[in-house]
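Undergrad: Just need the structure, nothing else, for what follows:
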Amino acid sequence: MARWQSLAALAAAATATAVLSGLLYRRKCARLTARVRELEDSLADAAEKAAAERRGRVRAQQSLRKALSERGAIPDKEKPSKAAASYSMVPIGTVQSCFSTRNGTPRQPLVVPLARATVVLDPARVPAAALEGLASYSHCWILYVFHLNTDLDKMWKDPARSKLKAKVRVPRLKGVKMGVLATRSPHRPNPIGLSVAKVEAVDGHAVLLSGVDLVDGTPVLDIKPYLPYSDSVKGAAIPNWLEVEGALAVESIHFSERFISSLSDCWVHVQKQTLYASADEFQDLIKEVLSWDIRSLSQRIRPHQVTLEHETDNYASKCDKDYRKTEDCEATDSCSVVAYHLHLEGIDVSYEIDENSNVVVDNAALLHSAANQNRCCYLTWRDKLSTL
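TA: All right, here's what the predicted structure looks like:
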């Protein structure tokens, strides 16, 4: 009898424990359910608040555009049919190029294979991961700003006074004018450049390129991979005047003993900040650059000394002025020996060219700007490349 009473007591205790556990479990589930509902309500309120803020921003933008439109209202007769939209852009990086000035920078990409530059992206705007995969392409497109154009301030601050020239003088046509949109002139309605370059290496926020026609300090707007199947147009036609081979090619290039000696002296100072492995390779670069007549149109017609501040490419906005001012120079025979200057990698290379297009590279001198430059150099890329 006592045994049965003990078993009954244990069963009653177990039943009570189970009932209590069930009650506690149901209470816990109820609390969790209430918490879930609370979180769902909070999330719904946050979503509604975000939607209300978005609608408010849209209304504010619409009101702002309407106010600006009314503020800038002009008589109906003068008012254009549709206001032109403007799109602000901020560079994503900067070019560190072997070309220190516009003078000597190739007029087209890939014509100087040894011409190198590093595009350094702004880490605050573009993460390094954005370049992932670019090294798999052999070439890429660089979109950039012609930042050294002399008319940028007028073009951006007061477009009505910029007086963009519809025609420019073309180097290959010896001064004959052509519509600016039918040329590669940097002086365009919008000073945007497009160049293709060979991708040598990618490291972090930097891209090493070769075959560039970019001057040092060029702001970069975008980088796109080159796609042969879509970017190369089979059977594309060009004007007859562009089919003339060697139109600006020189006859010969000779390096004087004075140049070789002076280059050795300069190389001691620049070798740690240059994109070239040796002075000999740098000399090869000079030969490639000067294999084309890089002088301005007015200099070719009548050789004369020009300060580096006024040296520009043949598409420069002052080309017409230079062309008209050639009479200011003395007779051609008295100007036959003129020293021209080419700035590469912090070195001033001086050369002469005669009437038969024979070039003599005479001297090399270190530029003041070459000192203390924080730039990507050959040592930066050496480990990335088997051969540079």
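Undergrad: Every contact and neighbour count from this point should use C-alpha atoms.
TA: Will do.
Undergrad: pLDDT averaged over stretch 87-100, what's the number?
TA: Averaging pLDDT along stretch 87-100 gives 94.
Undergrad: And for stretch 282-301?
TA: For stretch 282-301, the mean pLDDT works out to 91.
Undergrad: quick check, distance from it to the centre of its chain.
TA: Averaging C-alpha positions (Cα atoms, centre = their mean, to the nearest Å) puts stretch 282-301 24 Å from its chain's average.
Undergrad: And it, what's buried?
TA: 282-283, 285-300 (16 or more other Cα atoms under 10 Å).
Undergrad: quick one: which of those sit in helices?
TA: 282-283, 285-290, 297-300 (DSSP state H).
Undergrad: Farthest pair within those?
TA: Phe282 and Ser298 (28.6 Å; Cα to Cα).
Undergrad: Across the sheet, point out what pairs with the spatially most central residue of the chain.
TA: The centroid of the chain falls nearest to Val220 when counting by Cα atoms, centre = their mean (2.3 Å). Taking DSSP bridges, one finds Gly93, Tyr144 as the beta-bridge partners of Val220.
Undergrad: ok, it - contacts?
TA: Applying Cα atoms under 8 Å, 6 or more residues apart in numbering, we find Val220 in contact with 91-95, 119, 142-145.
Undergrad: One more pass at 10 Å, please.
TA: By Cα atoms under 10 Å, 6 or more residues apart in numbering, Val220 lies in contact with 90-95, 119-121, 142-146, 192-193.
Undergrad: Show me which of these are buried.
TA: Using 16+ other Cα under 10 Å, the buried ones in these are 91-95, 119-121, 142-146, 193.
Undergrad: wait, which of those residues is closest to Glu245?
TA: Nearest to Glu245 among these, with distances taken as Cα to Cα, is Gly193, at 24.2 Å.
Undergrad: That closest one looks like it's in a helix, true?
TA: No. Secondary structure of Gly193 (DSSP: H, G, I helix; E, B strand; the rest coil): strand, not part of a helix.
Undergrad: Tell me if I'm right that it and Tyr144 touch.
TA: Yes. Under the criterion of Cα atoms under 10 Å, Gly193 is in contact with Tyr144, at a separation of 5.1 Å.
Undergrad: Distance of Ala60 relative to Gly217?
TA: Distance, Ala60 to Gly217, by Cα to Cα, to the nearest Å: 39 Å.
Undergrad: go on, Gln62?
TA: 38 Å.
Undergrad: is it true that Val176 touches Val168?
TA: Yes. Applying Cα under 10 Å as the test, Val176 and Val168 come out as touching, 8.1 Å apart.
Undergrad: which one of those two has more residues nearby?
TA: Val168 (23 against 11; other Cα atoms under 10 Å).
Undergrad: ok so the more buried one is a strand residue?
TA: Yes. Per three-state DSSP, Val168 lies within a strand segment.
Undergrad: ok, now which ones touch Gly217?
TA: Per Cα under 10 Å, 6+ apart, neighbours of Gly217: 93-97, 99-101, 119, 147-148.
Undergrad: Show me the residues you listed that map onto strands.
TA: Here DSSP state E is the test, and the contacts of Gly217 give 93-97, 119 as lying in strands.
Undergrad: Contact partners for the residue nearest to Val196 when sequence neighbours are not counted?
TA: Leaving aside its sequence neighbours, Val196 sits nearest to Trp141 (Cα to Cα, 6 or more residues apart in numbering; 4.5 Å). Residues in contact with Trp141 (Cα under 10 Å, 6+ apart) are 194-199, 222-227.
Undergrad: Same question for Ile353.
TA: 250-253, 290, 293, 295, 300, 303, 336-340, 359-361.
Undergrad: For it, give the beta-bridge partners.
TA: Beta-bridge partners, per DSSP bridges, of Ile353: Val359.
Undergrad: cool, the one 10 residues further on as well?
TA: Under the criterion DSSP bridges, Asn363 forms beta bridges with Ser350.
Undergrad: What is the neighbour count of it?
TA: 21.
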